[in-house]
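Student: Task: produce atomic coordinates for the following.
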Amino acid sequence: MKLPDSLRDQLKIPLGTLLLETQADKKNIQKYLQKNSYIITVGDRTTKKMIEFGLIPSLQIIDGQEKREKKEPPKLANAIELTVKNPAAEITSQSIDMIENAFTMQPPVRLFVDGEEDLLVLPVCIHAPENAIVLYGQPNEGLVIVKITPEIRNKAQSLLDLMK
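Tutor: Okay, here's the model as predicted:
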């Protein structure tokens, strides 16, 4: 599925709460987490930040880049590592299958994307478990925190349905 130009502006609107860069610290992030939260990060910088805070994401989706620059992925012991191809501005059916499969595995799971991971927030929001919290970066603004609810699932599905 390819991202149509008509959808680009709509995807710039955060799906959840936007914490500005200056507010995205451990204390503020923890306000959105419950003791049993299933934490999902999409993006290298977000994943690295959570690991540094000691908030180990159950599912991490990274592509080894930050703002189009190659970066070394954060170290993580004992993670199940998966790889999937997902070209920029697309969501492949293999990526969706891999995300669904990752939710059945013992965390932590790291999904390394050969291509671009940004749009994978949509299938993650559709398939994530009920108690999940999805965190992803909003370029040059901060961190978006999405609590998975039926409304979020429907919104993500509606956006996905607009892709061809």
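
Student: rest of the way, CA atoms for contacts and neighbours
Tutor: Noted.

Student: Please compute how far the one helix or strand in the chain whose mean pLDDT sits lowest lies from its chain's middle.
Tutor: Scoring the helices and strands of the chain by mean pLDDT, DSSP states H and E places strand 69-70 at the bottom, with a mean of 73. Distance of strand 69-70 from its chain centroid, counting by Cα atoms, centre = their mean, to the nearest Å, is 18 Å.

Student: strands paired with it, and their directions?
Tutor: When pairing is defined by DSSP bridges, strand 69-70 lines up against strand 65-66 (antiparallel).

Student: which outside residues touch the partner strand?
Tutor: Applying Cα atoms under 8 Å, 6 or more residues apart in numbering, the contact partners of strand 65-66 are G43, D44, R45, K71, E72.

Student: Next: stretch 136-156.
Tutor: With contact meaning Cα under 8 Å, 6+ apart, stretch 136-156 is reached by 12, 14-22, 24, 32, 41-43, 45-46, 121-123, 125-135.

Student: So which of those residues are in strands?
Tutor: Judged by DSSP state E, strands contain the following of the contacts of stretch 136-156: T17, L18, L19, L20, T41, V42, A132, I133, V134, L135.

Student: of those residues, buried ones?
Tutor: L18, L19, T41, V42, A132, I133, V134, L135 (16 or more other Cα atoms under 10 Å).
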